[in-house]
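J.: Task: produce atomic coordinates for the following.
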Amino acid sequence: MVTLSKALPLILDHTYFEKIHSIKSSFIRLFSHLGNRLSSLDLERVHRVYKGIKITKGNELRHCPYQVLDLVRDFDKNNGFNIRVLHWWGRGMFVIIYFGQENPCLVDSHLLPGYFKEKNYRLGCTASPWDYGGMIDEAKTADFIDGPMLAAHQQKFRHIQLIRKIEYETEYALMEETLYEELSTICQLFIKDSG
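T.: Below you'll find the model as predicted:
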């Protein structure tokens, strides 16, 4: 525990907190721009139970601030699907894709291996899809697998969660472009014909 005398210089430095607030606001703005651009992709064709794009933020994910951009927001345990960007202070930027246990994309699993293996996505190996500390801090992930091994993983964990760390760019505009390319490519993989 930090003593109060050592904490006071930090507590009394309002500029420190103003800088943190400014950076958090910049990431929310980045996610807002990104969400607006991605909304043009007709996300209902990506997943029929599309619930819109949502940005959330908090301060206590293992004691650190975070910002989240969700693109589909169907967290149903059986058929759910979501594409999430998690910016977690002290850990980094991550793209996380959630599939419910019986999601039709898993039946048509030839979609999964190619791109996600090539881009070094990892399989989350946590009982809860919300256990980001387990996946990120404790490295409870596995190399991407397919075929019978993917089915066994799906049976054991009752969902499939893919995760990939995205390296920071030096400018917010470059970060937006990097994320846009990644997310729009993922969306294109799952867009279904309307017929």
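
J.: alpha carbons only for contacts and neighbour counts from here, please
T.: Fine.

J.: can you pull out the helices in this protein?
T.: All helices of the chain, identified by DSSP state H, fall at 4-11, 14-38, 104-107, 113-118, 132, 148-157, 172-190.

J.: Can I get those in JSON lines including mean neighbour count, distance to Phe81 and mean pLDDT?
T.: Listed next are the helices of the chain as JSON lines, based on neighbours: other C-alpha atoms under 10 Å; distance: least, C-alpha to C-alpha, whole Å; pLDDT from 0 to 100:
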{"stretch": "helix 4-11", "mean neighbour count": "10", "distance to Phe81": "42", "mean pLDDT": "93"}
{"stretch": "helix 14-38", "mean neighbour count": "14", "distance to Phe81": "16", "mean pLDDT": "95"}
{"stretch": "helix 104-107", "mean neighbour count": "15", "distance to Phe81": "9", "mean pLDDT": "75"}
{"stretch": "helix 113-118", "mean neighbour count": "14", "distance to Phe81": "16", "mean pLDDT": "83"}
{"stretch": "helix 132", "mean neighbour count": "20", "distance to Phe81": "17", "mean pLDDT": "96"}
{"stretch": "helix 148-157", "mean neighbour count": "15", "distance to Phe81": "14", "mean pLDDT": "86"}
{"stretch": "helix 172-190", "mean neighbour count": "15", "distance to Phe81": "10", "mean pLDDT": "94"}
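
J.: want to throw those into a markdown table with distance to Phe94?
T.: Output for the helices of the chain, formatted as a markdown table (distance: least, C-alpha to C-alpha, whole Å):
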| stretch | distance to Phe94 |
| --- | --- |
| helix 4-11 | 29 |
| helix 14-38 | 13 |
| helix 104-107 | 21 |
| helix 113-118 | 14 |
| helix 132 | 10 |
| helix 148-157 | 21 |
| helix 172-190 | 10 |
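
J.: nearest to Arg45, of those?
T.: helix 172-190 (7.8 Å; C-alpha to C-alpha).

J.: and the angle for that closest one with helix 14-38?
T.: Using axes from the mean of the first three to the mean of the last three C-alpha atoms, to 10 degrees, the inter-axis angle of helix 172-190 relative to helix 14-38 is 40 degrees.

J.: now helix 172-190, how far from the centre of its chain.
T.: 12 Å (C-alpha atoms, centre = their mean, to the nearest Å).

J.: Tell me which residues are up against it.
T.: Applying C-alpha atoms under 8 Å, 6 or more residues apart in numbering, the contact partners of helix 172-190 are 26, 30-31, 33-34, 37-38, 41, 43, 45-47, 83, 105, 111, 168-169.

J.: Please compute how far stretch 164-172 lies from its chain's middle.
T.: In terms of C-alpha atoms, centre = their mean, the centre of stretch 164-172 is set 13 Å apart from its chain centre.

J.: tell me which residues in it are buried?
T.: By 16 or more other C-alpha atoms under 10 Å, the buried positions in stretch 164-172 come out as Arg164, Lys165, Ile166.

J.: His21: which of those residues is nearest?
T.: The closest of those, once distances to His21 are taken by C-alpha to C-alpha, is Ile166, at 22.4 Å.

J.: per-residue confidence at the closest residue to Pro129 other than its chain neighbours?
T.: In this structure, Pro129 finds its nearest non-sequential neighbour in Gln161, 6.8 Å apart by C-alpha to C-alpha, 6 or more residues apart in numbering. As predicted, Gln161 sits at a pLDDT of 95.
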